[in-house]
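J.: Here is my input, please return the structure:
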Amino acid sequence: MLDRARTEAGSIAALMEDIGQRARVASRRLALAPTESKNAALHAMADTILATSATILAENAADLERAREAGMAASFVDRLTLTEARIAAIAEGIRAVAALPDPVGSVIAAWERPNGLKIERVRTPLGVVGVIYESRPNVTADAGALCLKSGNAVILRGGSDSARSSAAIHAAMAAGLAKAGLPEDAIQIVPSTDRAAVGEMLKGLSGNIDVIVPRGGRSLVARVQDEARVPVFAHLEGLCHVYVDRSADRDMAVRLVVNSKMRRTGICGAAETLLVDEAAAATHLAPILDALAAAGCEIRGSDAVRALYPAAVPASAEDFDTEYLDAIISVDLVDGVAGAIAHIERHSSHHTEAIVAEDAAAVAAFLNGIDSAILLHNASTQFADGGEFGMGAEIGIATGKMHARGPVGVEQLTSFNYRVHGTGQTRS
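T.: Next comes the predicted model:
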């Protein structure tokens, strides 16, 4: 990796151009790398991350100190924080990616034409992936591992707040690549916090970036979507909803809502809005809100909610469009599943929504009537995660509709081509 002094003294445009060219060269080698080599690199990365955990934690402590001095919110600090347990989870996530089937070269579909031509649709790497992210240093490992397994080179540009943590994790990944005999340029991290580096990535680095994956807040994603000259896997904010139907088991509803909101409030799968069926308000609302309050959650309720639960803080119209990423939840009453669907359609970011219900008709109406990337029935929204889906890890949750949607794992980081086998056929 280029040293920081050289980065700051030189031209950002020249630096990024060089990174892009080296990534393209590495991507060609990686596309042909055997599964065994990629898996060996991934296991070596996991081993090195564990072996250098003291260094990673020390660098993370420096990032955390700066974050606290800057007065960062508790939810931001939580996303930034690494612990021995979280580092172990990062290593385990890399091993889980290694255990996945290699998507490169797999045949998606095959058929034979009447003229004897045999046609296959085969998975191929995208090429070079640019990942722009903010305060989550674990994304460095997740993105690097997923791109490697799917045969892609990756250029990582983390946020300044996690720069030291991310650099320490990246060093372990580069060591893993070298140990397996794969090019270290396959996983590069931008050694500059200058925002101009992001601008250069969004231009595509002279055609050397094939797709951009942003992972961060609304302002980052908005900039990427506005400025990008290459395709984007959009990861919008997680304005996630839980709807409690009149048919819901009350104890289950209490448990699922509290977990959806409070397990980790700073992740994109955390519930931000609770909708309760008016027909269940008398029996379900107070127990759920009491449990949330006991867990330390601030409750912002509509007028209808406050009429039944006066302890709630009055909710503004903006609250129902807010991703808190904190121990705060907006609550409203709705007229059954149709009312829930209408509310979600108005306010959702199309990330993740959940229904708690026993009525099969209500469940079917909810799942068929909402156009979000992830829909859950009787399960916590905190399961909106590639690792929990069995993908090993994820780069992000894509909320768009083109190519990738939902957790972006190894399969979503591939394209395909058609391979046609003949026996001398010519077209008349």
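J.: gap between the lengthiest helix in the chain and the chain center?
T.: Secondary structure of the chain per DSSP state H: the longest helix is helix 12-31. In this view, helix 12-31 has its centroid 24 Å away from the chain centroid, taken as C-alpha atoms, centre = their mean, to the nearest Å.
J.: which helices and strands sit right next to it?
T.: strand 118-125, strand 128-133, strand 153-157, strand 187-189, helix 195-203 (3 or more C-beta pairs under 8 Å, 6 or more residues apart in numbering; DSSP states H and E). Placement of C-beta: from N, CA and C, glycine included.
J.: Tell me if I'm right that residue 423 and residue 116 touch.
T.: Yes: using C-beta atoms under 8 Å, residue 423 is in contact with residue 116, at 6.0 Å.
J.: Could you tell me the model confidence score at residue 372?
T.: According to the prediction, residue 372 has pLDDT 93.
J.: before we move on, back to that, which of the residues in the longest helix of the chain are buried?
T.: 12, 15-16, 19-20, 22-27, 30-31 (16 or more other C-beta atoms under 10 Å).
J.: Identify, from the residues you listed, the entry nearest to residue 184.
T.: Among the buried residues of helix 12-31, residue 26 lies closest to residue 184 (C-beta to C-beta), at 8.0 Å.
J.: just to revisit the earlier point, can you convert the buried residues of helix 12-31 into TSV and add a column each for pLDDT and distance to residue 375?
T.: Compiled in TSV, the buried residues of helix 12-31 are given as follows (pLDDT from 0 to 100; distance: C-beta to C-beta, whole Å):
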residue	pLDDT	distance to residue 375
12	93	42
15	95	43
16	96	39
19	97	39
20	97	38
22	98	41
23	98	36
24	98	38
25	98	42
26	98	38
27	97	35
30	96	35
31	95	35
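J.: is it possible to export those residues to JSON lines including distance to residue 233?
T.: Output for the buried residues of helix 12-31, formatted as JSON lines (distance: C-beta to C-beta, whole Å):
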{"residue": "12", "distance to residue 233": "24"}
{"residue": "15", "distance to residue 233": "25"}
{"residue": "16", "distance to residue 233": "20"}
{"residue": "19", "distance to residue 233": "20"}
{"residue": "20", "distance to residue 233": "18"}
{"residue": "22", "distance to residue 233": "23"}
{"residue": "23", "distance to residue 233": "17"}
{"residue": "24", "distance to residue 233": "19"}
{"residue": "25", "distance to residue 233": "24"}
{"residue": "26", "distance to residue 233": "21"}
{"residue": "27", "distance to residue 233": "17"}
{"residue": "30", "distance to residue 233": "19"}
{"residue": "31", "distance to residue 233": "19"}
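J.: OK, contacts around residue 172?
T.: With contact taken as C-beta atoms under 8 Å, 6 or more residues apart in numbering, residue 172 is in contact with 45, 48-49, 51-52, 56.
J.: Now render the helices and strands packed on helix 12-31 as a markdown table, adding mean pLDDT, mean neighbour count and distance to residue 366.
T.: Listed next are these as a markdown table, based on pLDDT from 0 to 100; neighbours: other C-beta atoms under 10 Å; distance: least, C-beta to C-beta, whole Å:
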| stretch | mean pLDDT | mean neighbour count | distance to residue 366 |
| --- | --- | --- | --- |
| strand 118-125 | 97 | 17 | 33 |
| strand 128-133 | 95 | 28 | 32 |
| strand 153-157 | 97 | 27 | 37 |
| strand 187-189 | 98 | 25 | 41 |
| helix 195-203 | 94 | 19 | 37 |
